[in-house]
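1. Model the structure of this input:
(4 chains)
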2 protein chains.
Amino acid sequence: MPTMADIAKRAGVALSTVSHTLSGKRPVSAQVRQRVLQAIAELEYEPHAVARALATKRTRTIALLYPALSSSLPEPHFEFVSGVLEAASLRKYGLLLWTTPNDDQEVLNMIQQGFIDGLVLMEVRLDDPRVTMLKKRKYPFTMIGHCQENTGINFVDLDFDYALHACVEYLAGLGHRHVAFINHSPRLFEIGMGYALRSEEAFHHALAQWGLQGLTCPCESHTQAGYDAVNDLLTREPSLTAIVTSNAWVSGGVIRAIHDRGLKIPQDISIVGVLSPRVAEMTVPTLTTIDFPFNKMGYMGADMLIRQLEGETVSTQVLLKPPLTIRQSSGPARDAQLTL
Amino acid sequence: MPTMADIAKRAGVALSTVSHTLSGKRPVSAQVRQRVLQAIAELEYEPHAVARALATKRTRTIALLYPALSSSLPEPHFEFVSGVLEAASLRKYGLLLWTTPNDDQEVLNMIQQGFIDGLVLMEVRLDDPRVTMLKKRKYPFTMIGHCQENTGINFVDLDFDYALHACVEYLAGLGHRHVAFINHSPRLFEIGMGYALRSEEAFHHALAQWGLQGLTCPCESHTQAGYDAVNDLLTREPSLTAIVTSNAWVSGGVIRAIHDRGLKIPQDISIVGVLSPRVAEMTVPTLTTIDFPFNKMGYMGADMLIRQLEGETVSTQVLLKPPLTIRQSSGPARDAQLTL
DNA sequence: GTGAAAGCGCTAACAA
DNA sequence: TTGTTAGCGCTTTCAC
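-> Residues are numbered from 1 along each chain as shown, chains lettered A, B, ... in the order given. Take a look at the predicted model:
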């Protein structure tokens, strides 16, 4: 692999001249530029990014701190990644994917010292140790999600309060009186995962506001758990006519359980989700959802970070309120006539 | 941020001693080691990975060359990524996600010169320009998928020949005589994407071998396209009793189309897929599939690469033959009695 | 067992 | 407009 010195020698110029024709940070005569460019072409020279990074202290690489791939937590939402990747690529940044193996953040975080310019966090807890540490070290980062305390931190999140209210309002409008919410796994509550807790609270608020009866249950992230949850809910509350969920992995099980009990969707039970449209379109029937803008959130998270790194001192805290898309899984409550 | 020099000064030793107590590449007396370690702790020193990389020519980072996120190609399989990430993390490698924007591989590939030790390719074409280039430059890489010509390249792939044969054999055994195959988007055929072409060919082979009637159609990767494909197929061949697909994004549409025509799954039409079990479990009914081992393939691809980088001169070309898992979407052909 | 010093390939003063 | 040179923070010879 040729180095800059090789180019300089071949073009008969100083090393710094090569550097400057490449960076354009100082004028170079057409003649010299020509010779340098030719030497570069002939030797198929490519600048060594690591050496450049050492000299400039910038790598043009950001990392997405991807949650542990352990079995104790549900597989997080991959759809964020494509958004992050898109934003990074567009601005010519590299994207490093990281995992936090054992909650031993300190270690892993700094193990790549100098390799990345900033960090995008996802699966953020209300009180997130990573955030505490990053703030302390003044390390540049943004979040997909948000904490309890967010002063000075740029983030993008779904407005779960809005989302659950929208779902409940919609169902109330259809005459539903008894609605259930299938939330995420208990483990997520234990560790204070923002979206799980906020959804739960918002659902209860919304119920109260619309004067509905409701019940909730946590649920592991796989179809069988969704299946079991439905059976559990219908046993606890036989007059249930609607189910809300924000857990993508369980939706298949929910539909199947309803079928297996001889009930029809949406005639007997309506389903409304806070889910990716992609998942919503995959099931039969398709699901009415607040369209979870994974890709957009990933994109914004990364874009905000890069702006931050490039010196734009933007301060942005975004709560997205995507629309409710009505599909096949929802309709008037079966007992709507009676209760009106 | 403290550097090694700071540690050396504080511990009252030479810089090289600090380096060696860290790397263990030369004996250090207990006393000195103690002092160094203490200084490191006190200053919260973390080695600077970029500097180390420049000195050692190794970054302990690999990249996954993720296909373009353009709209002209279907969104590739994210599930590979988690497998790759798992393998990398386990061996303490970083994972960089890359995109190839405009087929202008040369550019992007070398733009990060020195930042990564090796590459994992996915969405491999039978005659892939990236492979040509990497071979020429003797750049370390492995593939998830494989080309026409693979001498000297380590790869892992699904055995599509086996997979399609297994599907057809299974259906033949259930008395199906007329079976269709919904493949990937036409664009993938145009560019010679391995799995699309191999599946197509294998399906035809299998039909011939079992003496079945069949037809195939390419299909864009979204549910509506799947819906349309089914209607198209059933118009072309009304006596169809089974559909095979390897396109995860269309499965929802396939099921819905069958429903909407007043047909029952599996009584009237059986569906068999070459899909991720995760997708197969999500639909109602659940789908009988050759369980596509995305995660495993990602893991193996990365693991092979890392072994290669660490000097193990393994030569591995793996074709996986995962089992057929029978779920709810398949059963005896409706006209089985007649044809037997 | 430890220290001194020469790189790794680049950027960016500082000179000319 | 161009050349010279001192770092960036580490690893690794080569001496002692």
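2. And for the most centrally placed residue in chain A, nearest residue in space, chain neighbours not counted?
-> The residue at the geometric middle of chain A, judged as the C-alpha nearest the mean C-alpha position with Cα atoms, centre = their mean, is residue A:80 (4.0 Å). Spatially, and ignoring its direct neighbours in sequence, residue A:80 is nearest to residue A:298 (4.0 Å; Cβ to Cβ, 6 or more residues apart in numbering or on different chains). Just so you know, the C-beta spots here come from the backbone N, C-alpha and C atoms, and that holds for glycine as well.
3. Could you pull out the helices in the stretch 101-250 of chain A for me?
-> For the stretch 101-250 of chain A, helices defined by DSSP state H, counting those that start in this stretch occupy the ranges A:105-111, A:129-137, A:160-173, A:186-190, A:194-210, A:223-236.
4. Please identify the deepest-packed of these.
-> Neighbour counts (mean count of other Cβ atoms under 10 Å in any protein chain shown) averaged over each of those peak at helix A:160-173, with a mean of 21.
5. ok, residue A:245 to DNA strand C distance?
-> 51 Å (Cβ to the nearest atom of the strand, to the nearest Å).
6. how far away is the residue nearest to that residue when sequence neighbours are not counted from DNA strand C?
-> With sequence-adjacent residues excluded and distances taken as Cβ to Cβ, 6+ apart, residue A:245 is closest to residue A:182, at 4.1 Å. Taken as Cβ to the nearest atom of the strand, the spacing of residue A:182 relative to DNA strand C amounts to 54 Å.
7. Likewise for residue A:269?
-> When residue A:269 is compared with DNA strand C (using Cβ to the nearest atom of the strand), they lie 62 Å apart.
8. I figured that residue was touching residue A:239, is that so?
-> No - proximity of residue A:269 to residue A:239 does not meet the contact threshold set by Cβ atoms under 8 Å, at 10.9 Å.
9. Compare the two (neighbour count), which wins?
-> In this comparison of residue A:269 against residue A:239, neighbours counted by other Cβ atoms under 10 Å in any protein chain shown, the higher total goes to residue A:269 at 28 against 11.
10. Now that we're looking at that one, what pLDDT does it have?
-> Confidence per residue is given as pLDDT, and for residue A:269 that number is 97.
11. Please apply the same query to the one 4 residues further on.
-> Listed pLDDT for residue A:273 reads 97.
12. That one falls within a helix, correct?
-> No - under the criterion used here (DSSP: H, G, I helix; E, B strand; the rest coil), residue A:273 is strand, not part of a helix.
13. Would you mind measuring from the closest residue to it other than its chain neighbours to chain B?
-> The shortest distance from residue A:273 to any residue other than its chain neighbours is 4.3 Å, reached at residue A:289 (Cβ to Cβ, 6+ apart). From residue A:289 over to chain B the distance is 14 Å, taken as Cβ to the nearest Cβ, to the nearest Å.
14. Next, give phi and psi for residue A:94.
-> Backbone geometry at residue A:94, expressed as degrees, to the nearest 10, gives phi -90, psi 160.
15. Can you give me the neighbour number for it?
-> Applying other Cβ under 10 Å, we find 25 residues neighbouring residue A:94.
16. The one 3 residues further on too?
-> Using other Cβ under 10 Å, the number of residues around residue A:97 comes to 22.
17. How much space separates it from DNA strand D?
-> For residue A:97, the distance to DNA strand D (Cβ to the nearest atom of the strand) stands at 24 Å.
18. cool, and residue A:67?
-> Note on residue A:67: its distance to DNA strand D, by Cβ to the nearest atom of the strand, is 28 Å.
19. doesn't residue A:125 make contact with that residue?
-> No - counting by Cβ under 8 Å, residue A:67 sits too far from residue A:125 to count as a contact (10.4 Å).
20. Would you confirm that residue A:283 contacts residue A:253?
-> No - between residue A:283 and residue A:253 there is no contact under Cβ under 8 Å: 10.6 Å.
21. Can you report how many residues lie near the residue nearest to residue A:117 when sequence neighbours are not counted?
-> Closest residue to residue A:117 apart from its sequence neighbours, by Cβ to Cβ, 6+ apart: residue A:309 at 5.2 Å. Neighbours of residue A:309 under the rule other Cβ under 10 Å: 17.
22. quick revisit: what's the closest of the helices of the stretch 101-250 of chain A to DNA strand C?
-> Closest approach to DNA strand C among those (Cβ to the nearest atom of the strand): helix A:105-111, 19.4 Å.
23. for residue A:290, helix, strand, or coil?
-> Secondary structure state of residue A:290, per three-state DSSP, is strand.
24. related to what we said a few turns ago, need the contact list for the residue nearest to residue A:80.
-> For residue A:298, the contact set (Cβ atoms under 8 Å, 6 or more residues apart in numbering or on different chains) comprises A:79, A:80, A:81, A:82, A:83, A:84, A:85, A:86, A:87, A:144.
25. 7 Å instead?
-> With Cβ atoms under 7 Å, 6 or more residues apart in numbering or on different chains as the criterion, the residues that contact residue A:298 are A:80, A:81, A:82, A:83, A:84, A:144.
26. now do residue A:35
-> With the criterion set at Cβ under 7 Å, 6+ apart, residue A:35 makes contact with A:11, A:12, A:13.
27. which residues pair with residue A:214 across the strands?
-> Beta-bridge partners of residue A:214, counted by DSSP bridges, are residue A:179.
28. Would you confirm that it contacts residue A:205?
-> No - with contact defined as Cβ atoms under 7 Å, residue A:214 and residue A:205 do not form a contacting pair (10.8 Å).
29. Sketch out the low-pLDDT regions of chain A for me.
-> For chain A, residues meeting the criterion pLDDT under 70 lie at A:68-76, A:101-111, A:336-340.
30. Domains of it: list them as residue ranges, please.
-> If the domains of chain A are taken from automatic domain parsing, they occupy A:4-56, A:61-158+A:295-320, A:160-292+A:324-339, with pieces of a single domain joined by a plus sign.
31. burial of the residue in the stretch 101-250 of chain A that DNA strand C sits nearest to, as a residue count?
-> Of the residues in the stretch 101-250 of chain A, the one nearest DNA strand C is residue A:114, at a distance of 12.1 Å by Cβ to the nearest atom of the strand. If you count neighbours by other Cβ under 10 Å, residue A:114 ends up with 21.
32. The one 3 residues further on now?
-> Using other Cβ under 10 Å, residue A:117 has 22 neighbouring residues.
33. repeat for residue A:145
-> Using other Cβ under 10 Å, residue A:145 is surrounded by 22 other residues.
34. Chain neighbours aside, what residue packs nearest to it?
-> residue A:124 (3.4 Å).
35. Next up, the contacts around the one you found.
-> Shown in contact with residue A:124 (Cβ under 7 Å, 6+ apart): A:143, A:145, A:146, A:147, A:194.
36. ok, these vs residue A:218, which is closest?
-> Within the contacts of residue A:124, the smallest distance to residue A:218 is 15.1 Å, found for residue A:194 (Cβ to Cβ).
37. circling back to that earlier point, how close does the residue nearest to the centre of chain A get to DNA strand C?
-> Taken as Cβ to the nearest atom of the strand, the spacing of residue A:80 relative to DNA strand C amounts to 32 Å.
38. Give me the angle between the helix or strand hosting that residue and helix B:79-90.
-> Assignment of secondary structure by DSSP states H and E places residue A:80 within helix A:79-90. Between helix A:79-90 and helix B:79-90, the angle formed by their directions is 80 degrees, by axes from the mean of the first three to the mean of the last three Cα atoms, to 10 degrees.
39. Keeping just the C-alphas, turn the following helix or strand past helix A:79-90 into PDB.
-> Following helix A:79-90 in sequence order, the next helix or strand is strand A:94-99 (DSSP H and E). The C-alpha coordinates for strand A:94-99 follow below in PDB (Å, rounded to 0.1, in the frame of the first residue of the first chain):
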ATOM      1  CA  GLY A  94     -19.400   5.300   9.100                       C
ATOM      2  CA  LEU A  95     -21.600   3.400  11.500                       C
ATOM      3  CA  LEU A  96     -20.300   1.100  14.200                       C
ATOM      4  CA  LEU A  97     -22.700  -1.200  15.900                       C
ATOM      5  CA  TRP A  98     -22.000  -1.900  19.600                       C
ATOM      6  CA  THR A  99     -23.400  -4.100  22.200                       C
END
